[in-house]
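Trainee: Kindly return the folded structure for what I paste below:
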Amino acid sequence: MQTRLNLPEYAARIKSDAGRLMVLDPLRRKYVALTPEERVRQHFVHYLVACLGYPAALLANEVALRAGDKQLRADTVLYDRHLEPRMIIEYKAPSVAINEKVLQQITAYNTLLRVDYLVVSNGLVHLCCKMDYAANKLVLLNRIPPYSEL
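Mentor: Coordinates of the predicted model:
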């Protein structure tokens, strides 16, 4: 039995392919392997779009980043209407704790994108931080802001 996520339920489109469960990722417009982390990603993106008013057209999954000769991949990036990155979202499986290591991972991505908001979620715990570049620190918010408040 799967862990119940702390996110709204939605009707995911799931199929089996060679005995492997696949879920439709509407942002990438293709079926991808339904791993525990992918389950969190799909529920979280649905939450952002359906509940918080984030435009699906401004969200992208699996965004390739380059740091020197190192290839990185941000789980989800929200762009503004000028296609400048505004938010990075990092997902973990429900069994993975949201800890300092996860925050270090997303802040490393932010050295490349320099966004206003960083979000991490394992489907059970969701943290949202706003960047304070003047003070060079993260400010923990008590909720994920609706798109209209960004």
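Trainee: From here on, just use CA atoms for contacts and neighbour counts.
Mentor: Fine.
Trainee: and the closest residue to Lys30 other than its chain neighbours, what does it touch?
Mentor: Nearest residue to Lys30, sequence neighbours excluded (C-alpha to C-alpha, 6 or more residues apart in numbering): Leu24, at 5.6 Å. For Leu24, the contact set (C-alpha atoms under 8 Å, 6 or more residues apart in numbering) comprises 12-14, 30-32.
Trainee: So what does Leu24 look like in phi/psi?
Mentor: phi -80, psi 120 (degrees, to the nearest 10).
Trainee: Pipe the contacts of Leu24 into a markdown table and attach neighbour count, secondary structure and pLDDT per row.
Mentor: Below are those laid out as a markdown table (neighbours: other C-alpha atoms under 10 Å; DSSP: H, G, I helix; E, B strand; the rest coil; pLDDT from 0 to 100):
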| residue | neighbour count | secondary structure | pLDDT |
| --- | --- | --- | --- |
| Ala12 | 14 | coil | 93 |
| Arg13 | 11 | coil | 95 |
| Ile14 | 15 | strand | 95 |
| Lys30 | 10 | strand | 96 |
| Tyr31 | 17 | strand | 97 |
| Val32 | 16 | strand | 97 |
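Trainee: Assign a three-state SS to the residue positioned nearest the centre of the chain, would you?
Mentor: For the chain, the residue nearest the mean C-alpha position is Ile89 (3.1 Å; C-alpha atoms, centre = their mean). Following DSSP: H, G, I helix; E, B strand; the rest coil, we place Ile89 in the strand state.
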